[in-house]
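>>> Dropping the sequence and predicted coords here.
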Amino acid sequence: MENIIDKIYAQMNKMSASDQKIGKTILENPAEVINITISQLAKKAKVSDASITRFCRNLSLSGFHELKILLAQSMGQKESESLRELPKDDIQAALAQIEKNKINEIQSTLGHIPTDQLEQILSLIEKSRIVQISAEGDTYPVAADAVYKFNQIGILSFASGGNVETADAQTMNLNNKDCLIVISNSGESAALIKEIELAKKNKIKIIGITNNPDSPIALNSDYHLRTGVRQTVLQNQYYFSRVAAFTIIEALFLLLIKRDEKRIEKIKQHEKIVSSQKI
């Protein structure tokens, strides 16, 4: 099977002037392209974001996301580095390596939290009538966790169950007394970007949680919290850990309790209500 780098080389002479600029930029440093956004590549190639999308389609790709996957695969990065480093025949050594990686993720995530903005973020969540929390795909469990935690401490929150159309409908019913938290590892989800646009029309404040501060979601959010995990590739899809995003939610949850310790009583009340469901 022809890899994507060979394919770009083969088609270069047949490409339009715009596609040639993009192709040359990619071929100069394909490893760099794997870890940047569509807007960053467009800036490097001196073309528009739409030109990048057309370039991908001209190569019979679904979009920029698939291009990055194929670039990584063509460079022999079919497995996550952290997985490749794990010992196969020593479970304790493998567990120790996993522990080290997860601790590094947590430390990096907490170290990236902008303390100058944190007070504003916490105040926004506290004062909001409703907190909508949106994510999709592999990241949605983080949104579900946030909804559970925030409601436990008396902050009315909801999510869409991962359904994009439902999320848009929910956002349309919010107003400037509410806030939207958007969680996306790459920060490039088209569905979530659309939701942010809907939120802005209703003058809703947005908190973005992504791995890339230069991503469209981060740049279009009023506040941004960066997760300390890097994208790697596992077979044909992005592999990433949810630990960093869960860490952000856990930190917000604990800090909100610390700001008003009466919220501990709400947790106790909730636990008492659900205790009858336990054996």
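Sure, I can see it. Residues are numbered from 1 along each chain as shown.
>>> Please list all residues in contact with Tyr140.
Contact analysis of Tyr140 by C-beta atoms under 8 Å, 6 or more residues apart in numbering lists Ala159, Gly162. From N, CA and C alone the C-beta is placed, and that goes for glycine too.
>>> Which helix or which strand is home to it?
helix 140-152 (DSSP states H and E).
>>> Tell me the bridge partners for the closest residue to His112 other than its chain neighbours.
Spatial nearest neighbour of His112, excluding adjacent residues (C-beta to C-beta, 6 or more residues apart in numbering): Arg226 at 4.2 Å. Per DSSP bridges, the residues bridged to Arg226 are Thr210.
>>> Could you report the separation of Arg226 from Ile207?
12 Å (C-beta to C-beta, to the nearest Å).
>>> now Gln152
With C-beta to C-beta as the criterion, Gln152 and Ile207 are 19 Å apart.
>>> More neighbours: which of the two?
Ile207 (23 against 18; other C-beta atoms under 10 Å).
>>> Wasn't the more buried one part of a helix?
No. Read with DSSP: H, G, I helix; E, B strand; the rest coil, Ile207 is strand and lies in no helix.
>>> what sits against it?
Taking C-beta under 8 Å, 6+ apart as the test, what Ile207 contacts is Ile121, Leu124, Ile125, Cys179, Leu180, Ile181, Val182, Ser221, Asp222, Tyr223, His224, Leu225.
>>> And the residues you listed, which two are furthest apart?
Greatest spatial distance among the contacts of Ile207 (C-beta to C-beta): Ile125 and His224, at 14.7 Å.
>>> Quick check: buried residues in the helix holding Tyr140?
Tyr140, Val142, Ala143, Asp145, Ala146, Val147, Lys149, Phe150, Gln152 (16 or more other C-beta atoms under 10 Å).
>>> Need those residues in CSV (columns: pLDDT and distance to Ile248).
Below are these laid out as CSV (pLDDT from 0 to 100; distance: C-beta to C-beta, whole Å):
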residue, pLDDT, distance to Ile248
Tyr140, 93, 15
Val142, 96, 8
Ala143, 96, 12
Asp145, 97, 11
Ala146, 97, 9
Val147, 97, 14
Lys149, 97, 12
Phe150, 98, 13
Gln152, 96, 17
